[in-house]
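Participant: Got a predicted structure here, sequence first:
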Amino acid sequence: MYDLTKTIKEYLIAEDLPNVDISSIGTTSFQGPEGAFEVEVFDATEDYVNLLKTIFDFKAIKNLLARPDFSFCYDALHGVAGVYAKKIFIDELSADESSLLNCVPKEDFGGGHPDPNLTYAKELVARMGLSKAAPVSEPPEFGAAADGDADRNMILGKRFFVTPSDSVAIIAANAIGSIPYFNSGLKGVARSMPTSAALDVVAKNLNLKFFEVPTGWKFFGNLMDAGLCSVCGEESFGTGSDHIREKDGIWAVLAWLSILAHRNKNVSTDSKLVTVEDVVRQHWATYGRHFYTRYDYENVDADAAKELMAHLVNVQSSLPEVNKLIKQVRPDVADVEKADEFEYKDPVDGSISSHQGIRYLFQDGSRLVFRLSGTGSEGATIRLYIEQYQSDSTKIGTEAQDALAPLVKVALSLSKMQEFTGRSSPTVIT
Ligand SMILES: O=P(O)(O)OC[C@H]1O[C@H](O)[C@H](O)[C@@H](O)[C@@H]1O
């Protein structure tokens, strides 16, 4: 399609055509100055549902949704996903209408910010029992949200948040067996550099091809076009597969429902349902847990952000100095064994992408990553990604905030965040 766009030489605008009612499906024929032509209004949800039916076992998901001990909630945040959600979850999978939140698309997203995370998907977060300010007695077993154009997703269990980094790792680990499309195996898996290394551990254990790419979906696209990758994901709530080579928020939700359906296939309704939280905790017990958080500093003065990044690169030149500094702040944090600026050589077209984020890699597998966002709209957005790996099964239940506190302190001190930006706290924490 892209190649065809490069061959367009001219386009014509037919100004005096009669109006076509785009709210009704059908074909309208016209006689134009260049001859006869037709305008066809079609239902895009139909094609999409037909594609999804070739990927997932709809009957198995329908059985899960019908269980009396299973409940479900989907929040489209007034984005385009609402139309698809009605068709898929209500018409096809017979979920109750009350399962849908904010599923009428609105030009202004109902005044909200259609970003599927714990900060902006407030209503869903409260309904799932994750809001301290608005406790609920019996939240649904499964919750999910989409962004405005439905390509990203957030997965929640009852009073439980699944990090996007864990989500892609868990989908990859469970794909074969749960999702018919993957029954013949996975070609490979990929994550963006700042995404946690949870997927790496799965790839290693299942002996899968693995790729770590810079932030930006095009890098996954190249891998998928070349038949090297089946499942990929990012910390920024994007998850996808080679069924369309794009992020696909509804696909991710169906992938999770498929995993739950598979895990509960032989669990009678008298026994305890295998929940989202069970699936995640079992995953951590098998593969270890990657505690993870992202701090965003939005609308920072662009020069100050550049100076902070230059400072971090400068500091990297002496690892003994870095480690001395770290020990002064938190003696309990492991040593940094490697520090660099991430560079990627695309295995398909050989292109090189440099300066893709500053990394501090610790001996125990922890990581600190600093990047300037490519999508922020005002000033600069500094993203700080903090990750710690824990393979000791007696320690994987620690609260993420507690587990990450030492690394957070190190990151803020190493980067001189407050000194450069004047900010004592981030704008958003995910
Ligand atoms: O972190 P940023 O540079 O703001 O990018 C955030 C996201 O933007 C777009 O959606 C890209 O397709 C993603 O690959 C990226 O993760």
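Facilitator: All right, it came through fine. Residues are numbered from 1 along each chain as shown.

Participant: Would you quantify the distance from the residue in the stretch 1-150 of the chain that the ligand sits nearest to to residue 107?
Facilitator: The stretch 1-150 of the chain approaches the ligand most closely through residue 147 (9.0 Å), counting by CB to the nearest ligand atom. All C-beta spots, glycine's among them, are computed from the backbone N, C-alpha and C. Distance, residue 147 to residue 107, by CB to CB, to the nearest Å: 15 Å.

Participant: Who has more neighbours out of the two?
Facilitator: residue 147 (27 against 6; other CB atoms under 10 Å).

Participant: related to what we said a few turns ago, okay but the residue of the stretch 1-150 of the chain closest to the ligand is in contact with residue 79, surely?
Facilitator: Yes: contact status for residue 147 versus residue 79: in contact at 6.1 Å, counting by CB atoms under 8 Å.

Participant: and the protein, which of its residues are near the ligand?
Facilitator: Within reach of the ligand by CB under 6 Å from any ligand atom, the chain has these residues: 215-217, 234, 236, 238, 373-375, 383.

Participant: Not including adjacent chain positions, what is the nearest residue to residue 265?
Facilitator: With CB to CB, 6 or more residues apart in numbering as the criterion, residue 265 has its nearest non-adjacent residue at 7.2 Å, and that residue is residue 60.

Participant: let me fix that: residue 253
Facilitator: Closest residue in space to residue 253, ignoring its immediate chain neighbours: residue 144 at 4.5 Å, by CB to CB, 6+ apart.

Participant: Residue 67 too?
Facilitator: Excluding its sequence neighbours, the residue lying closest to residue 67 (CB to CB, 6+ apart) is residue 269, at 5.8 Å.

Participant: Name the residues of stretch 158-177 that come out as buried.
Facilitator: For stretch 158-177, the neighbour count (16 or more other CB atoms under 10 Å) marks 158, 160-175 as buried.

Participant: Equivalent analysis for stretch 314-330, please.
Facilitator: 315-316, 322-323, 326.

Participant: quick one: which of the residues you listed sit in helices?
Facilitator: Of the buried residues of stretch 314-330, the ones assigned to helices by DSSP state H are 315, 322-323, 326.

Participant: So the residue nearest to residue 67 versus residue 64, what's the distance?
Facilitator: 11 Å.

Participant: So between the two, which is more surrounded?
Facilitator: residue 64 (23 against 11).

Participant: Can you say which helix or strand has that one in it?
Facilitator: Assessed by DSSP states H and E, residue 64 sits inside helix 58-66.

Participant: Restrict that helix to CA atoms and write it as CSV.
Facilitator: Taking C-alpha atoms only, helix 58-66 is exported to CSV below (Å, rounded to 0.1, in the frame of the first residue of the first chain):
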residue,chain,number,x,y,z
PHE,A,58,-14.7,-17.4,20.0
LYS,A,59,-16.6,-20.3,21.4
ALA,A,60,-14.1,-20.9,24.2
ILE,A,61,-14.1,-17.1,25.1
LYS,A,62,-17.9,-17.1,25.0
ASN,A,63,-18.0,-20.0,27.5
LEU,A,64,-15.6,-18.1,29.8
LEU,A,65,-17.8,-15.0,29.7
ALA,A,66,-20.9,-17.1,30.4
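
Participant: Now the element after that helix, going C-ward?
Facilitator: Assigned by DSSP H and E, the successor of helix 58-66 is strand 72-75.

Participant: Mind putting the residues of the chain next to the ligand into TSV with distance to residue 278?
Facilitator: What follows is the residues of the chain next to the ligand, written out as TSV (distance: CB to CB, whole Å):
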residue	distance to residue 278
215	31
216	34
217	31
234	25
236	26
238	25
373	35
374	37
375	35
383	31
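
Participant: From those residues, list the buried ones, please.
Facilitator: Among the residues of the chain next to the ligand, those classed as buried by 16+ other CB under 10 Å are 215, 217, 234, 236, 238, 373, 383.

Participant: tell me the two of the residues you listed that are most distant?
Facilitator: Within these, 217 and 383 form the most distant pair, 16.5 Å apart (CB to CB).

Participant: same question for stretch 345-354, mean pLDDT?
Facilitator: The pLDDT scores in stretch 345-354 average 94.

Participant: no no, stretch 244-257
Facilitator: Averaging pLDDT along stretch 244-257 yields 96.

Participant: Need the contact partners of that stretch.
Facilitator: For stretch 244-257, the external contacting residues (CB atoms under 8 Å, 6 or more residues apart in numbering) are 48, 51-52, 55-56, 61, 64-65, 74, 81, 84-85, 88, 116, 142, 144, 146-147, 150-153, 155, 167, 171, 175, 178-179, 217, 220-221, 224-225, 234, 238-241, 243, 276.
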